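Asker: have a look; sequence and predicted model below, questions after that.
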Amino acid sequence: MNKKDFFKLIGKNIQNERKKKGMTQETFAELMNVSWSYVSKMEAGILNLSIGKIYDLSKYLEIDISSLLKIK
């Protein structure tokens, strides 16, 4: 797996967890205090997220960090 594929996988995990919570990208963006386009780019795997941002995401989504980093 290359880096680009890894980022896409993390993005898909974020998207799946957000949807499990019944949140739209817009709602999630408001919760995180970021723009809708930022959430869209995260979920598309375009952004290289820092460990700190992944930690924050796990708190917003109320899940373990390992759920976001899961490689299927």
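Answerer: Structure's in. What do you need?
Asker: quick one: distance of the helix ranked longest in the chain to the chain centre.
Answerer: Using DSSP state H to define each element, the chain has its longest helix at helix 3-20. Centre-to-centre, helix 3-20 and its host chain are 6 Å apart (C-alpha atoms, centre = their mean, to the nearest Å).
Asker: pull out the buried residues from it.
Answerer: For helix 3-20, a neighbour-count test (16 or more other C-beta atoms under 10 Å) marks 7-11, 13-15, 17-18 as buried. From N, CA and C alone the C-beta is placed, and that goes for glycine too.
Asker: the most centrally placed residue in the chain and W36, how far apart?
Answerer: Nearest residue to the geometric centre of the chain (C-alpha atoms, centre = their mean): I14, 3.2 Å. Using C-beta to C-beta, to the nearest Å, I14 is found at 14 Å from W36.
Asker: kindly report the same for D64.
Answerer: For D64, the distance to W36 equals 26 Å [C-beta to C-beta].
Asker: which of the two has more residues huddled nearby?
Answerer: It is W36, of D64 and W36, that has more neighbours when counted by other C-beta atoms under 10 Å, with 14 against 10.
Asker: residue contacts, G11?
Answerer: G11 sits next to 42-47 when contact means C-beta atoms under 8 Å, 6 or more residues apart in numbering.
Asker: sorry, that was for S58
Answerer: Contacts of S58 (C-beta under 8 Å, 6+ apart): 64-65, 67-68.
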